[in-house]
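Chemist: here you go, sequence then predicted model.
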Amino acid sequence: LKVAAVGGAGYHGSLLRGFVRHLGTPGAHLGPRGPDWLGLLRFLIVPLGPHPVAQHLGTLDGRYGSAFLDPPWRELFTRSEPPACEPFSVAGRILSFVAGAGVTLPLPVAEAMLTCSDKFPDEDSCQKFVPFVGVRAG
């Protein structure tokens, strides 16, 4: 099952959080198929604006980079005002990418545990689990 996730880095972070929370935990909301369900999902990231994971994918896959990291695409989604007319077909690029995405690149998904404490030492600290995609930076 291909899931095209079109949006910015914040949206993809929210999607990843939901994926880890509901599908990544063994036995949680997986239904009768269990963990085998995880192997059937393929997320296709379509960036709108600057996106570190998309930058990484662009270095690994030239077709991805030419579709979503070229100057016209970046310029279109970094403008403060929408243009009077589309300089190219946004939907066409996305549909072409989804149709041709036969091979997906495995990116490790993990969680980091953050311990938060208040300014006052007598208050309890809390722990939050933050999912992330393991991408080598720089």
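Modeler: Noted; the coordinates are in hand.

Chemist: switch to C-alpha atoms for all contacts and neighbour counts from now on
Modeler: Fine.

Chemist: so the closest residue to Arg93 other than its chain neighbours, which of the three states?
Modeler: Excluding its sequence neighbours, the residue lying closest to Arg93 (CA to CA, 6 or more residues apart in numbering) is Ala67, at 6.4 Å. Under DSSP: H, G, I helix; E, B strand; the rest coil, the three-state class of Ala67 is helix.

Chemist: and what of Ile45?
Modeler: Per three-state DSSP, the local secondary structure of Ile45 is strand.

Chemist: check contacts around it.
Modeler: Contact partners of Ile45, counting by CA atoms under 8 Å, 6 or more residues apart in numbering, are 4-6, 12, 54.

Chemist: where does pLDDT dip in the chain?
Modeler: The model of the chain has pLDDT under 70 over residues 23-39, 104, 106, 108-111, 118-123, 129-138.

Chemist: let's see it at 90
Modeler: Segments of the chain classed as low confidence (criterion: pLDDT under 90) are 1-4, 9-10, 12-45, 49-64, 74-90, 97-138.

Chemist: show me which of the contacts of Ile45 are buried.
Modeler: With neighbours counted by 16 or more other CA atoms under 10 Å, the contacts of Ile45 contain buried members at 12, 54.

Chemist: the contacts of Ile45 in helices, which ones?
Modeler: Restricting the contacts of Ile45 to those inside helices, with DSSP state H as the criterion, leaves 12, 54.

Chemist: off-centre distance for stretch 7-20?
Modeler: Here the centre of mass of C-alpha atoms in stretch 7-20, compared against the chain's by CA atoms, centre = their mean, to the nearest Å, lies 6 Å away.

Chemist: which of the residues in it are buried?
Modeler: Using 16+ other CA under 10 Å as the burial criterion, the residues of stretch 7-20 that qualify are 8-9, 12, 16-17, 20.
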